[in-house]
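*Asks:* just the structure for this:
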Amino acid sequence: MNTNVKKAVTIIVNGTAHQEPKDEVTYTEIVTLAYPDFPSHPERTYSVTYERGQGEKPTGILSPGGSVKVKEGMRFSMLNSLGNHNPDIKKLIDKGYAVSIDSNNLVVRDIPYLDTNKALHTGAFVSKLIFIDEHRVKLENHVIFFCGTHPCELDGSQIPNLGGGPVTLPLSSEDLIVQRSFSNKPADGYKDLYDKVESYVTVICGPAISLYNVTPLTFRTVEENNDSVFKFRDTLTSRAEIGDLNANFSNEVIAIIGLGGTGSYVLDFLAKTPVKEIRGFDADSFHVHNAFRSPGMLNREELGRKKSEVYQQRYEVFRHGIQLHAKCIQEDSALDLEGVKFAFVCVDKGTSRKIIIDLLMNMQIPFIDVGMGLDRDKGPVSGMLRSTFVAAGSTPDTLIKASVPLEDHPDDVYRNNIQISELNALNASLAVIKYKQLTGFYADDRNYHNVLFTTDSNSLLGDNGQD
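*Replies:* Presented below is the predicted three-dimensional model:
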């Protein structure tokens with residue numbers, strides 16, 4: 001007889017029973033019972049509390065790295081960061097609602113309701129949030145979105161006075177399809193999210209609860225659907241309702257070759273775009289003049305360091321998937337560009353541009369090349385900005401037609417390299433807008449592959465090879 005076999009006890013984790021050996025359990029083990037994919041996401045943190053425990057301290061907090069002895073009937077509860085910092089969300093979870101966050105919206109699943117035939121269905125509430133900071137939120141308004149058809153009374157008629165109507169709202173979870181909104185506002189409004197959810201549950205779930213004796217209080221745990229590349233919540237996407245369009249960038253690997261004036265702005269724009277990965281290449285150092293034609297505030301400690309190092313430090317606190325390298329792209333740099341799906345060429349020398357473009361065309365990587373030509377021949381600064389898209393499989397004729405300079409100007413050594421921050425930013429904007437048109441984020445009626453902007457007349461000329 002094996003006397004080492006430990007007796008199993010039943011513990012409750014977020015309302016679900018689990019059989020575990022009567023021994024110590026760790027923080028990681030408890031969280032994994034609730035969220036099986038937790039070991040693959042160590043960046044997630046939860047507040048774990050327990051009650052009905054052993055000894056003189058039957059209640060307490062189980063912290064990361066800690067453990068506690070279990071006993072029959074011991075209960076564990078955990079909240080994600082929002083539940084831990086917002087009393088109204090915690091109150092919803094404690095009561096038993098299946099609360100989660102999707103695309104920075106509050107979601108309450110397992111909402112029972114009746115259709116016109118008095119058949120039972122299950123829907124979900126979605127409420128927009130205003131983020132005060134990374135963890136604290138408040139409700140945006142009295143409107144609630146609903147994943148389901150119009151709920152009905154016990155006699156099959158539609159529940160009246162719900163307002164709203166058919167609408168869509170992009171969400172990440174495949175099981176959440178918003179079909180309509182409701183606008184049921186009490187005279188004094190809603191105090192908080194708990195008050196709002198409870199009010200809508202009373203109105204919408206009442207007939208189903210009465211007829212089928214069901215409940216929305218399922219104590220079901222649903223992991224937050226958030227695989228964002230950003231280290232802060234992307235509340236801009238949820239507020240603008242463009243999650244479906246931003247999904248187009250989820251597998252994009254982008255190279256930015258040259259992190260000077262225009263290249264630094266391309267980096268800034270793409271760092272705020274949910275592309276999967278950004279690779280940047282520039283061997284030069286960051287000097288005072290760079291600070292006057294690049295985004296962000298200058299830190300004196302940055303002067304003299306490599307541009308790649310400066311920008312890496314600035315942007316890695318904002319997002320994942322950014323790798324900037326202090327090197328130039330040469331003929332033998334194919335490994336550096338392996339897996340890249342799109343590139344931006346932001347260099348000012350024609351000979352360097354030719355080496356880079358030859359490599360990109362040989363590797364069948366589509367790209368946008370930018371250029372700027374400014375002078376003061378007439379006193380004030382005047383000139384032209386260029387943004388040229390070259391598709392994979394294009395021939396060298398494309399470059400010739402777009403007047404892409406592939407040689408160094410013989411008088412370059414005697415010319416001033418005029419670059420002004422707003423023009424660098426505009427040049428980068430033209431390039432990034434075109435890239436986003438190609439991904440389907442922006443509409444593109446004319447399909448211009450070459451765009452020229454003239455500063456003298458503020459005129460924009462596009463060429464698609466057809467018009």
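
*Asks:* okay, now the unreliable bits of this protein?
*Replies:* Applying pLDDT under 70 to the chain flags the ranges 1-6, 15, 42-45, 79-81, 223-227, 401-402, 409-417, 467.

*Asks:* contact partners of stretch 341-354?
*Replies:* 251-260, 262-263, 266, 328, 337, 356-357, 360, 365-372, 404-409, 412, 417, 428, 431, 435, 438 (C-beta atoms under 8 Å, 6 or more residues apart in numbering). C-beta here means a position set from N, CA and C on the backbone, and glycine is covered the same way.

*Asks:* just the buried subset of these, please.
*Replies:* 252-260, 262-263, 266, 328, 337, 356-357, 360, 365-372, 404-405, 428, 431, 435, 438 (16 or more other C-beta atoms under 10 Å).

*Asks:* hang on, the earlier thing: now, the contacts of stretch 341-354 that are in strands?
*Replies:* Val253, Ile254, Ala255, Ile256, Ile257, Phe367, Ile368, Asp369, Val370, Gly371, Met372 (DSSP state E).

*Asks:* helices along the stretch 201-350 of the chain, start to end?
*Replies:* For the stretch 201-350 of the chain, the helices defined by DSSP state H, counting those that start in this stretch cover 235-240, 243-246, 261-271, 288-291, 307-315, 350-362.

*Asks:* so who does the closest residue to Asp268 other than its chain neighbours touch?
*Replies:* Distances taken as C-beta to C-beta, 6 or more residues apart in numbering place Pro295 nearest to Asp268, at 4.3 Å, with adjacent residues excluded. For Pro295, the contact set (C-beta under 8 Å, 6+ apart) comprises Ser264, Tyr265, Asp268, Ala425.

*Asks:* from those residues, pick the one nearest His135.
*Replies:* Ranked by distance to His135 (C-beta to C-beta), those are led by Asp268 at 26.2 Å.

*Asks:* how long is stretch 180-187 end to end?
*Replies:* Using C-alpha to C-alpha, to the nearest Å, one end of stretch 180-187 lies 23 Å from the other.

*Asks:* stretch 326-336 too?
*Replies:* With C-alpha to C-alpha as the measure, what separates the two termini of stretch 326-336 is 12 Å.

*Asks:* that one: how far from the chain's middle?
*Replies:* Centroid separation between stretch 326-336 and its chain, computed with C-alpha atoms, centre = their mean, to the nearest Å, is 29 Å.

*Asks:* quick one, strands of the stretch 101-250 of the chain?
*Replies:* In the stretch 101-250 of the chain, the segments counted as strands under DSSP state E, counting those that start in this stretch are 105-114, 120-131, 137-139, 144-147, 165-166, 180-182.

*Asks:* which of these sits closest to Gln158?
*Replies:* Nearest of those (C-beta to C-beta): strand 105-114, 10.1 Å.

*Asks:* who are the packing partners of the closest one?
*Replies:* Using 3 or more C-beta pairs under 8 Å, 6 or more residues apart in numbering; DSSP states H and E, the elements in contact with strand 105-114 are strand 98-102, strand 120-131, helix 193-212.

*Asks:* can you list those in CSV and add distance to Pro87 and mean neighbour count?
*Replies:* Output for the helices and strands packed on strand 105-114, formatted as CSV (distance: least, C-beta to C-beta, whole Å; neighbours: other C-beta atoms under 10 Å):
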stretch, distance to Pro87, mean neighbour count
strand 98-102, 13, 23
strand 120-131, 15, 19
helix 193-212, 8, 19
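
*Asks:* so can I have TSV of the ones you listed showing distance to Thr221?
*Replies:* Formatted as TSV, the helices and strands packed on strand 105-114 follow (distance: least, C-beta to C-beta, whole Å):
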stretch	distance to Thr221
strand 98-102	8
strand 120-131	15
helix 193-212	17
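
*Asks:* nearest to Val381, out of those?
*Replies:* Val381 sits nearest to strand 120-131 of all the helices and strands packed on strand 105-114, at 41.7 Å, using C-beta to C-beta.

*Asks:* dump the contacts of Pro295 into a markdown table; add distance to Gly383 as well.
*Replies:* Shown next, in a markdown table, are these (distance: C-beta to C-beta, whole Å):
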| residue | distance to Gly383 |
| --- | --- |
| Ser264 | 20 |
| Tyr265 | 17 |
| Asp268 | 23 |
| Ala425 | 15 |
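
*Asks:* from these, pick the one nearest Phe125.
*Replies:* Set against Phe125, the nearest of these by C-beta to C-beta is Asp268 (37.1 Å).

*Asks:* sorry, back to before: out of the helices and strands packed on strand 105-114, flag the one nearest Gly73.
*Replies:* Smallest distance to Gly73 across these (C-beta to C-beta): 22.9 Å, for strand 98-102.

*Asks:* contacts for that closest one?
*Replies:* Against strand 98-102 from outside (C-beta under 8 Å, 6+ apart): 80, 82-83, 89, 92-93, 106-110, 126, 171-173, 176, 216, 218-226.

*Asks:* quick one, domains of the protein?
*Replies:* Domains of the chain are assigned by automatic domain parsing as 8-79, 83-212, 242-463.

*Asks:* right, and those - which one's nearest Arg233?
*Replies:* The nearest among the domains of the chain, by C-beta to C-beta, is domain 83-212 at 5.4 Å.

*Asks:* hmm, back to that, and the domains of the chain as JSON lines, adding distance to Leu236?
*Replies:* Listed next are these as JSON lines, based on distance: least, C-beta to C-beta, whole Å:
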{"stretch": "domain 8-79", "distance to Leu236": "21"}
{"stretch": "domain 83-212", "distance to Leu236": "9"}
{"stretch": "domain 242-463", "distance to Leu236": "8"}
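
*Asks:* out of those domains, which is closest to Thr235?
*Replies:* For Thr235, the closest of those is domain 83-212, at 4.9 Å, according to C-beta to C-beta.

*Asks:* and that closest one, how far out from the chain's middle?
*Replies:* Offset of domain 83-212 from its chain centre (C-alpha atoms, centre = their mean): 24 Å.

*Asks:* appreciated, that's everything.
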